[in-house]
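Colleague: starting from these lines, generate the structure:
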Amino acid sequence: MEKQTLPNSTLVLIMGILSLIGCCCYGLPGLIFGIIAVVVGNKATSTYKLAPENYTGYENVKAGKIMGIIGIVLSLIAVLVVLWAISVIGWEALQDPELMRERMEDMQRQG
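Modeller: The predicted structure is shown next:
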């Protein structure tokens, strides 16, 4: 029997790459793409483990899952940093550069 490509192996790889890129956009896109990469990657892994001799492309699944996990971790860090900035500096200061400069100077004087 001829080997066939593992279903969704390319999708997992692309979602893993997008999760790494998406973590730079305040974390939310990276979090979404990373979760998709891990969930679909787990399904593809279980399909592969049932009959590994029938499929190719498992390397893409492994790489995509690893990048998805890294993307999730980096995205969570980015989300936490954004939430910290909002709580410390304030939403108004993030929208007004002059007010942000004043609050940053206040933080420097205190610290």
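Colleague: what is the helix or strand of the chain with the lowest mean pLDDT packed up against?
Modeller: Lowest by mean pLDDT, DSSP states H and E among the helices and strands of the chain is helix 91-95, with a mean of 88. In terms of contacts (3 or more Cβ pairs under 8 Å, 6 or more residues apart in numbering; DSSP states H and E), helix 91-95 is packed against helix 97-110. The C-beta positions use only the backbone N, C-alpha and C, and glycine is treated the same way.
Colleague: report the buried residues of the helix it packs on.
Modeller: Using 16 or more other Cβ atoms under 10 Å as the test for burial, helix 97-110 gives 100, 103.
Colleague: summarise which helices and strands that helix is packed against.
Modeller: Applying 3+ Cβ pairs under 8 Å, 6+ apart, one finds that helix 97-110 contacts helix 58-89, helix 91-95.
Colleague: returning to that earlier point: what's the least confident helix or strand of the chain in contact with?
Modeller: Helix 91-95 is contacted from outside by 85, 86, 99, 100, 102, 103, using Cβ atoms under 8 Å, 6 or more residues apart in numbering.
Colleague: roughly how far apart are the residue nearest to the first one when sequence neighbours are not counted and residue 51?
Modeller: The shortest distance from residue 85 to any residue other than its chain neighbours is 6.9 Å, reached at residue 94 (Cβ to Cβ, 6 or more residues apart in numbering). Shown here: residue 94 relative to residue 51, a distance of 53 Å by Cβ to Cβ, to the nearest Å.
Colleague: I am finished for the moment; much appreciated.
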